[in-house]
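Engineer: can you look at this prediction? I've put the sequence above it.
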Amino acid sequence: DAGVTQSPTHLIKTRGQHVTLRCSPISGHKSVSWYQQVLGQGPQFIFQYYEKEERGRGNFPDRFSARQFPNYSSELNVNALLLGDSALYLCASSSGASRVGGEKLFFGSGTQLSVL
Amino acid sequence: AQSVTQLGSHVSVSEGALVLLRCNYSSSVPPYLFWYVQYPNQGLQLLLKYTSAATLVKGINGFEAEFKKSETSFHLTKPSAHMSDAAEYFCAVSGNTGKLIFGQGTTLQVKP
């Protein structure tokens, strides 16, 4: 069975541009979460989606947005890129069945975004 | 509010020696606790998870962690380090949502 797949694996953009990152969850998983991992730090929560609805949002500016499609895949969009947006963006999927936390998250290999 | 503190950004051990990676948490609700491992240029792989069923949790690759409520700790151990254990390790906590709060990470170096 395929794990969580993310595309592209690497991306180079310039300041002010827009970027779209894509994620396909494990088959049968209905929840997708996005995390930002800056070099040398732990991942930080950006969004969680379940059944196409936003279930949670982290402390990120409105330049960051996401959506989930009927097939449970997801996109993360970042507008007006800043140098500080350079990071590894990780997507994680889970069954989403639990609304009280504690679910195991399965991570993809990430998209490495470089903003020049 | 929840947070995680990993004590020691770098830990170096000899092959065959005990591995001890320290994690302390803060949580206003009963926590779920996790350890993840990240190899270079890869995503995170779950090592183990604590959900209150047992205080000693066994994970993959010979790792285990013990939940100590009185010390608010969830340290990761492995009796004998292997060269393949060299990686970045992250402790994480979640409460009553699906959001994970990660620590800063600990880089484990294994010397031959």
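Structural biologist: Looks like it arrived, so ask away.
Engineer: figure out the helix or strand that the residue of chain A found nearest chain B lives in.
Structural biologist: Closest contact between chain A and chain B, by Cβ to the nearest Cβ, is at residue A:42 (3.3 Å). Just so you know, the C-beta spots here come from the backbone N, C-alpha and C atoms, and that holds for glycine as well. For residue A:42, there is no enclosing helix or strand under DSSP states H and E.
Engineer: give me the number of residues near it?
Structural biologist: Using other Cβ atoms under 10 Å in any protein chain shown, residue A:42 has 22 neighbouring residues.
Engineer: can you check the one 3 residues further on too?
Structural biologist: Residue A:45 sits with 22 neighbouring residues when counted by other Cβ under 10 Å.
Engineer: give me the phi and psi for the closest residue in space to it that isn't next to it in sequence.
Structural biologist: Of all residues not flanking residue A:45 in the chain, residue A:58 sits nearest, at 4.1 Å (Cβ to Cβ, 6 or more residues apart in numbering or on different chains). For residue A:58, the backbone dihedrals (degrees, to the nearest 10) come out as phi -90, psi -170.
Engineer: which residues touch residue A:58?
Structural biologist: By Cβ atoms under 8 Å, 6 or more residues apart in numbering or on different chains, the contact list for residue A:58 reads A:44, A:45, A:46, A:47, B:99.
Engineer: the fourth one contacts residue A:35, doesn't it?
Structural biologist: What that stands for is residue A:47. No. The pair residue A:47 / residue A:35 is not scored as a contact, 9.0 Å apart, by Cβ atoms under 8 Å.
Engineer: tell me the secondary structure for residue B:54?
Structural biologist: Under DSSP: H, G, I helix; E, B strand; the rest coil, the three-state class of residue B:54 is coil.
Engineer: now do the same contact list for residue 55.
Structural biologist: Defaulting to chain A. A:31, A:48, A:49, B:97, B:98.
Engineer: if you could check chain B rather than the one you did, that'd help
Structural biologist: B:66, B:67, B:68.
Engineer: pull the number of nearby residues for the first one.
Structural biologist: Think residue B:66. Taking other Cβ under 10 Å as the criterion, the count of residues near residue B:66 is 15.
Engineer: repeat for the last one
Structural biologist: The local packing count at residue B:68 equals 12, with neighbours defined by other Cβ under 10 Å.
Engineer: and if you look at residue B:86?
Structural biologist: Residue B:86 - counted by other Cβ under 10 Å - has 17 other residues nearby.
Engineer: can you tell me the closest non-neighbouring residue to it?
Structural biologist: Nearest one to residue B:86, counting by Cβ to Cβ, 6+ apart, is residue B:110 at 4.7 Å.
Engineer: hmm, that neighbour is touching residue B:16, no?
Structural biologist: No. Counting by Cβ under 8 Å, residue B:110 does not reach residue B:16; the two are 9.2 Å apart.
Engineer: what sits in contact with each of these two?
Structural biologist: By Cβ under 8 Å, 6+ apart, the residues touching both residue B:110 and residue B:16 are residue B:81.
Engineer: more neighbours: which of those two?
Structural biologist: Neighbours were counted for residue B:110 and for residue B:16 using other Cβ under 10 Å; residue B:110 has more, 19 against 11.
Engineer: how far away is the more buried one from residue B:13?
Structural biologist: 6 Å (Cβ to Cβ, to the nearest Å).
Engineer: confidence score at residue B:54?
Structural biologist: Per-residue pLDDT puts residue B:54 at 82.
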